[in-house]
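> only geometry, no sequence info:
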């Protein structure tokens with residue numbers, strides 16, 4: 001079984017929704033990048049996630065919503081637009097916080113579980129994870145996952161430890 005098939009089994013994919021959204025973005029020249037846990041998987045040993053967190057260029061947001069309105073259920077929230085499909089358990093969360101827009105410029109194509117996607121740079125992923133972990137409005141379980149993702153990155157790329165605020169360094173107890 002290849003990685004794509006494995007991930008689609010995990011997310012109960014009746015259709016390959018991840019490939020559909022990637023193709024939709026690419027075919028319509030909508031700039032984007034993957035952030036969040038799946039993006040971490042592009043750089044370190046993968047873990048399974050039911051979330052596909054992406055940033056879409058502001059100018060492409062309306063076009064994306066128009067293109068997906070008949071294929072997905074669209075939910076609009078304070079900092080995201082969420083796309084859901086009855087054909088998969090994957091949760092596509094489009095980050096609308098403008099602080100993530102610059103991530104798109106520094107992104108590059110990477111392999112994530114067999115998918116070729118535009119992925120935020122490692123430094124940007126860490127910055128996003130630090131921001132997410134520091135948001136006390138987020139659920140505790142989400143913040144713990146952000147912290148675990150930070151640890152996964154630092155264990156593989158210890159030179160990035162200097163990018164972390166001191167309270168996070170103390171919290172994850174990184175030696176060296």
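Great, that's in hand. Please read all numbers here as calculations on a predicted model, not as lab measurements.

> Counting by contacts, list what the helix or strand containing residue 92 packs against.
Residue 92 belongs to strand 88-95 when elements are defined using DSSP states H and E. On a contact count with 3 or more C-beta pairs under 8 Å, 6 or more residues apart in numbering; DSSP states H and E, strand 88-95 meets helix 17-27, strand 51-56, strand 80-85. C-beta coordinates here come from the backbone N, C-alpha and C atoms, glycine included.

> Tell me the span between the first and last residue of stretch 34-43.
Separation of the first and last residues of stretch 34-43 by C-alpha to C-alpha, to the nearest Å is 12 Å.

> if we can go back for a sec, taking the helices and strands packed on strand 88-95 together, which one is wrapped up most tightly?
Of the helices and strands packed on strand 88-95, the one with the most neighbours on average (mean count of other C-beta atoms under 10 Å) is strand 51-56, at a mean of 24.

> which residues touch that strand?
Contacts to strand 51-56, defined as C-beta atoms under 8 Å, 6 or more residues apart in numbering, come from residues 18, 21, 25, 30-39, 64, 90-95, 100-101, 103-104, 120.

> any idea how far the closest residue in space to residue 48 that isn't next to it in sequence is from residue 99?
Counting by C-beta to C-beta, 6 or more residues apart in numbering, residue 48 lies nearest to residue 10, which is 5.2 Å off, once chain neighbours are set aside. The gap separating residue 10 from residue 99 is 30 Å, by C-beta to C-beta, to the nearest Å.

> who has more neighbours, these two?
Neighbour totals were compared for residue 10 and residue 99, and residue 10 leads with 14 against 11 (other C-beta atoms under 10 Å).

> can you give me the helices for this protein?
Here the chain has its helices, by DSSP state H, at 3-10, 17-27, 36-40, 61-68, 101-106, 122-134, 140-156, 166-172.

> The helices and strands packed on strand 88-95: which one's closest to residue 2?
Closest to residue 2 of these, according to C-beta to C-beta: helix 17-27, at 12.7 Å.

> Now do the buried residues in the strand holding residue 92.
Buried residues in strand 88-95, defined by neighbour count with 16 or more other C-beta atoms under 10 Å: 88, 90, 91, 92, 93, 94, 95.

> now swap in stretch 166-176 and tell me
Neighbour-count burial for stretch 166-176, with 16+ other C-beta under 10 Å as criterion, is recorded at residue 168.
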